[in-house]
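>>> show me how the following folds:
(4 chains)
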There are 2 protein chains.
Amino acid sequence: MSISEEPARPAGAAAAHRNIPPASLARLTIYLRALGTMLADGVERVSSDELAEATGVNSPKVRKDLSYLGSYGTRGVGYEVSYLSGHIAAALGLTQNWRVAIVGAGNLGKALAGYPGFGSRGFEVVALLDSDPLVVGQEIGWLRVSPVDVMETVLERTRANMAVLSVPADVAQGLCDRLVACGITSILSFAPVVLQVPDHVQLRKVDMATELQILAYHAQRARVSDIADQARARLAE
Amino acid sequence: MSISEEPARPAGAAAAHRNIPPASLARLTIYLRALGTMLADGVERVSSDELAEATGVNSPKVRKDLSYLGSYGTRGVGYEVSYLSGHIAAALGLTQNWRVAIVGAGNLGKALAGYPGFGSRGFEVVALLDSDPLVVGQEIGWLRVSPVDVMETVLERTRANMAVLSVPADVAQGLCDRLVACGITSILSFAPVVLQVPDHVQLRKVDMATELQILAYHAQRARVSDIADQARARLAE
DNA sequence: GAATGTGAACCCATTCACAGCG
DNA sequence: CGCTGTGAATGGGTTCACATTC
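Reported below is the predicted structural model:
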């Protein structure tokens, strides 16, 4: 609850303007990354055209997306990189620190724990959990893998407020339930199953099988079209 | 080209009905997985309601999605699991075998190579490539890691027709270009950068940073709403 | 002059209700 | 009678043009 509802905000709320459409939200994270590299390169100003070029979207879309946050540009000039970057980060809620627990320290969990852009933007991995006795106790980066048995204790001690599930499909729902019971309300799952969570919990899924199958569909279509093209070409002779 | 065009198909094409809307396409892969586990459980028939329940969508949506493939259900009864499963697989182009090259054999690449549901549905990992001399030569599953230097040779020998990019951001575009030059037209990238590819290449991106930031946005909004709720509650007293 | 910000038009996706069929 | 399949209505996202501002 309280998500997806918009009960006529009493106005005057500091950050968090009107709610951002999901499609725009996803793109804002991309703009943010592009702005980050520009900032690192010492670029000071950017136009919607340039930002569009860098992120692979078109410029009206960029402007519309940015307009959901408010007017942070200068007409005739463009956007100041650091200023815009800061405002997007604030709108996304990246000014506070998010403490992430990674459940499942297999290859995927290890890869995620070592993910560079992770620590940077307000995210910190505070716990790594696994059920395998051979993995428990291993040091990954600055962290030691804890046993999942004591997940509840670890989550409380580390005050984690987000979780990543990188475990096999058959144990995902059980662990997900335990995370929810611990009060975690933001979960990113890599497990190839549909997970059930209460309404107040935000669950996002990354699914490689889905992605590959979508690619397969398009590749197949391209092949079929090619064959059709060839057939037409032959007929045209 | 030839993708996203629909030049009045001359009718009579075997598989590949009219093109499936992207949103439906993504869900079809989920139905397919659910049907797979049902099949394994010996379930023979399923209704749109049950399939909806299992996949977390609503039943009219399920029916509409399935209707894009044609009429494979029986009114008053439901769908035969194996029959429907087969038709979805065919529509997605999973009847042929896709040979996937994984570029980048770090933790992520290794995790992907070992991904279980991978080999199952028409996908086979045929090559694993890395630039690190310490990683090259390692055996992961049934595969030996090859040096990226000879990527072109390996791709040709293995007749790979799909690629997964699991490499750091700064080398992703270069490797992507080389994949395209090799004739690869389907690429799944895990690198946190915007990649430029020609129109005829299908590129999909999985981006953990984006996912976490979207979660952060919602979590922050929930928090803000909660505070607002509390304020309202206090005022109401 | 140049580029932002936005209302209006357009297009795709979801929802709904119900006709059609076993 | 039950459940599928689908047109029609609704809602959200994208595109476009242009008024607006520096």
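>>> surely A:L92 and A:L32 touch.
Yes - here A:L92 lies in contact with A:L32, judged by Cβ atoms under 8 Å, at a distance of 7.1 Å. (Glycine included, C-beta is placed from N, CA and C.)
>>> the two: who's more crowded?
A:L92 (26 against 23; other Cβ atoms under 10 Å in any protein chain shown).
>>> show the pLDDT at that one.
Looking at A:L92, its pLDDT stands at 94.
>>> next: the one 3 residues further on.
At A:T95 the predicted local distance difference test score is 91.
>>> now for A:S71, how many residues are close by?
Quick note: A:S71 (other Cβ under 10 Å) scores 8 neighbours.
>>> ok, A:V150 next?
By other Cβ under 10 Å, neighbour count at A:V150 equals 12.
>>> what residue ranges in chain A are flagged as low confidence?
By pLDDT under 70, the weakly predicted segments of chain A are A:1-17, A:119-120, A:237.
>>> who in it is up against DNA strand D?
A:21-24, A:58, A:60-61, A:63-64, A:74-77 (Cβ under 7 Å from any atom of the strand).
>>> could you tell me the end-to-end distance of stretch A:149-163?
16 Å (Cα to Cα, to the nearest Å).
>>> contacting residues around it?
A:98-103, A:123, A:126-127, A:129, A:131, A:146, A:175, A:178-179, A:181-182, A:184-188, B:212, B:215-216, B:219 (Cβ atoms under 8 Å, 6 or more residues apart in numbering or on different chains).
>>> which positions within that stretch qualify as buried?
Neighbour counts over stretch A:149-163 (16 or more other Cβ atoms under 10 Å in any protein chain shown) mark A:151, A:154-155, A:158, A:160-163 as buried.
>>> what packs against the longest strand along chain A?
Ordering each strand of chain A by length in residues (DSSP state E) puts strand A:123-130 first. Strand A:123-130 is packed against strand A:98-103, helix A:107-113, helix A:116-120, strand A:143-147, helix A:151-158, with contacts defined by 3 or more Cβ pairs under 8 Å, 6 or more residues apart in numbering or on different chains; DSSP states H and E.
>>> per-domain residue ranges of chain A.
Per the record, chain A has its domains at A:22-92, A:98-206, by automatic domain parsing.
>>> out of the ones you listed, which one sits most buried?
Among the domains of chain A, ranked by average contacts under mean count of other Cβ atoms under 10 Å in any protein chain shown, first place goes to domain A:98-206 (a mean of 19).
>>> after the longest strand of chain A, next one along is what?
Following strand A:123-130 in sequence order, the next helix or strand is strand A:139-140 (DSSP states H and E).
>>> name the residues of the helix ranked longest in chain A that are buried.
Counting residues, the longest helix found in chain A (DSSP state H) is helix A:208-236. Neighbour-count burial for helix A:208-236, with 16+ other Cβ under 10 Å as criterion, is recorded at A:208-225, A:228.
>>> picking that back up, so which of the domains of chain A comes closest to B:L28?
domain A:98-206 (13.8 Å; Cβ to Cβ).
>>> and that closest one, anywhere near DNA strand C?
No - Domain A:98-206 does not reach DNA strand C (Cβ under 7 Å from any atom of the strand); its nearest approach is 14.3 Å.
>>> gap between the two ends of that domain?
19 Å.
>>> ditto for stretch A:98-109
End-to-end for stretch A:98-109, by Cα to Cα: 18 Å.
>>> please compute how far it lies from its chain's middle.
Per Cα atoms, centre = their mean, to the nearest Å, the displacement of stretch A:98-109 from the mean C-alpha position of its chain is 14 Å.
>>> stretch A:82-89 too?
Per Cα atoms, centre = their mean, the centroid offset for stretch A:82-89 relative to its chain is 18 Å.
>>> again with stretch A:227-237
Offset of stretch A:227-237 from its chain centre (Cα atoms, centre = their mean): 45 Å.
>>> with stretch A:212-227 instead?
For stretch A:212-227, the distance to the chain centre is 28 Å (Cα atoms, centre = their mean).
>>> again, but for stretch A:89-107
9 Å.
>>> and for stretch A:29-36?
Relative to its parent chain, stretch A:29-36 has a centroid offset of 13 Å by Cα atoms, centre = their mean.
>>> hmm, that stretch touching chain B?
Yes - judged by Cβ under 8 Å from any Cβ of the partner chain, stretch A:29-36 comes into contact with chain B at A:29-30, A:32-34.
>>> in JSON lines, list those residues along with secondary structure.
As requested, the residues of stretch A:29-36 next to chain B are exported to JSON lines (DSSP: H, G, I helix; E, B strand; the rest coil):
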{"residue": "A:T29", "secondary structure": "helix"}
{"residue": "A:I30", "secondary structure": "helix"}
{"residue": "A:L32", "secondary structure": "helix"}
{"residue": "A:R33", "secondary structure": "helix"}
{"residue": "A:A34", "secondary structure": "helix"}
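>>> and the gap between A:D130 and A:T158?
15 Å (Cβ to Cβ, to the nearest Å).
>>> before we move on, what about A:L143?
As judged by Cβ to Cβ, A:L143 and A:T158 stand 10 Å apart.
>>> joint contacts of the two?
In contact with both A:L143 and A:T158: A:A127, using Cβ under 8 Å, 6+ apart.
>>> from B:R204, how far out is A:V171?
Distance from A:V171 to B:R204, by Cβ to Cβ: 27 Å.
>>> got it, and A:F190?
Counting by Cβ to Cβ - A:F190 and B:R204 are separated by 16 Å.
>>> repeat for A:A172
Following Cβ to Cβ, the distance that separates A:A172 from B:R204 is 23 Å.
>>> measure stretch A:51-69 end to end?
Start-to-end span of stretch A:51-69 (Cα to Cα) is 16 Å.
>>> same question for stretch A:42-57.
23 Å.
>>> then stretch A:89-108?
27 Å.
>>> is it up against chain B anywhere?
Yes - contact of stretch A:89-108 with chain B (Cβ under 8 Å from any Cβ) involves A:91-94, A:96, A:98, A:100, A:106-108.
>>> closest one of these to DNA strand C?
Distance to DNA strand C, by Cβ to the nearest atom of the strand, is smallest for A:A91 among the residues of stretch A:89-108 next to chain B, at 13.5 Å.
>>> now the closest one: which helix or strand?
Taking DSSP H and E as the definition, A:A91 sits inside helix A:81-92.
>>> can you check A:A191 too?
Using DSSP H and E, A:A191 sits in no helix or strand.
>>> without its sequence neighbours, what residue ends up closest to it?
Spatially, and ignoring its direct neighbours in sequence, A:A191 is nearest to A:A172 (3.6 Å; Cβ to Cβ, 6 or more residues apart in numbering or on different chains).
>>> which elements pack onto the helix or strand containing that neighbour?
Applying DSSP H and E as the criterion places A:A172 in helix A:169-181. Applying 3+ Cβ pairs under 8 Å, 6+ apart, we find helix A:169-181 packed against strand A:98-103, helix A:151-158, strand A:162-165, strand A:186-189.
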